[in-house]
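Chemist: Generate a structure from the sequence data that follows.
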Amino acid sequence: MWRSLAVSTLLVFGTTGSASATEQPPAHEQRGQPVSIEDLEILDRTDQLLVDEAHWNRNDNRECPPAATTISLYCALHTACTEVLGRYDHRRVALQEVRFAVERVSDGREFEHRLMGFNNLPETSFSDVKKVLASARAEVAARLARASE
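Modeler: Sure thing, here's the model as predicted:
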């Protein structure tokens with residue numbers, strides 16, 4: 001009986017305890033959500049905020065004090081989103097695309113908080129952060145172009 005319960009549990013939840021492969025991920029985790037020019041503006045502003053390595057906070061704690069002299073990937077996105085939209089939207093397409101880019105470069109490594117976890121990895125360089133932003137921006141720009149055709 002225990003064996004069949006364990007097998008049933010694995011079939012339903014998989015080995016990680018998450019939903020089965022046939023179940024759709026939550027809407028905010030689905031690729032291809034509608035994009036807008038504001039998503040591109042958020043990514044461009046984030047890139048401006050992360051001007052150089054001297055201004056990058058590689059020890060993110062997801063607290064973003066306005067007077068900070070260094071800024072993490074998460075805080076740069078938070079600040080840019082707030083500046084562009086007038087409010088922070090945690091699951092905004094621009095931010096999600098950065099999360100998806102993090103997944104691609106980290107080979108699916110799981111983080112409790114993708115942006116913070118990737119930012120804080122000892123092997124993550126400032127160049128890696130900029131590449132993730134560039135990848136997300138390219139994806140958003142391509143999707144905007146396709147949507148306007």
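Chemist: Wait, F100 touches A136, no?
Modeler: Yes: contact criterion Cβ atoms under 8 Å: F100 and A136 qualify, at 7.3 Å. C-betas here are computed from N, CA, C, even on glycine.
Chemist: Check which helix or strand V84 maps to.
Modeler: Using DSSP states H and E, V84 sits in helix 73-85.
Chemist: Now do the helix or strand following that helix, average pLDDT.
Modeler: Note on helix 73-85: by DSSP H and E, the next helix or strand toward the C-terminus is helix 93-105. The predicted model gives helix 93-105 an average pLDDT of 95.
Chemist: Identify the residues contacting helix 93-105?
Modeler: 28-29, 31, 33-36, 38-40, 42-43, 46, 73, 77, 81, 89, 109, 111, 114-115, 118, 128, 131-133, 135-136, 139-140 (Cβ atoms under 8 Å, 6 or more residues apart in numbering).
Chemist: now stretch 33-49
Modeler: 27, 55, 71, 73, 76-77, 79-81, 83-85, 92-98, 130, 133-134, 136-137, 140-141, 143-144, 147.
Chemist: Same question for the helix with the most length in the chain: list its buried residues.
Modeler: In the chain, taking DSSP state H as the definition, the longest helix is helix 126-147. For helix 126-147, the neighbour count (16 or more other Cβ atoms under 10 Å) marks 128-130, 132-133, 135-137, 139-140, 143 as buried.
Chemist: Any figure for the gap between the most centrally placed residue in the chain and N59?
Modeler: Residue closest to the average C-alpha location in the chain (Cα atoms, centre = their mean): R99, at 1.9 Å. When distance is defined by Cβ to Cβ, to the nearest Å, R99 is 19 Å away from N59.
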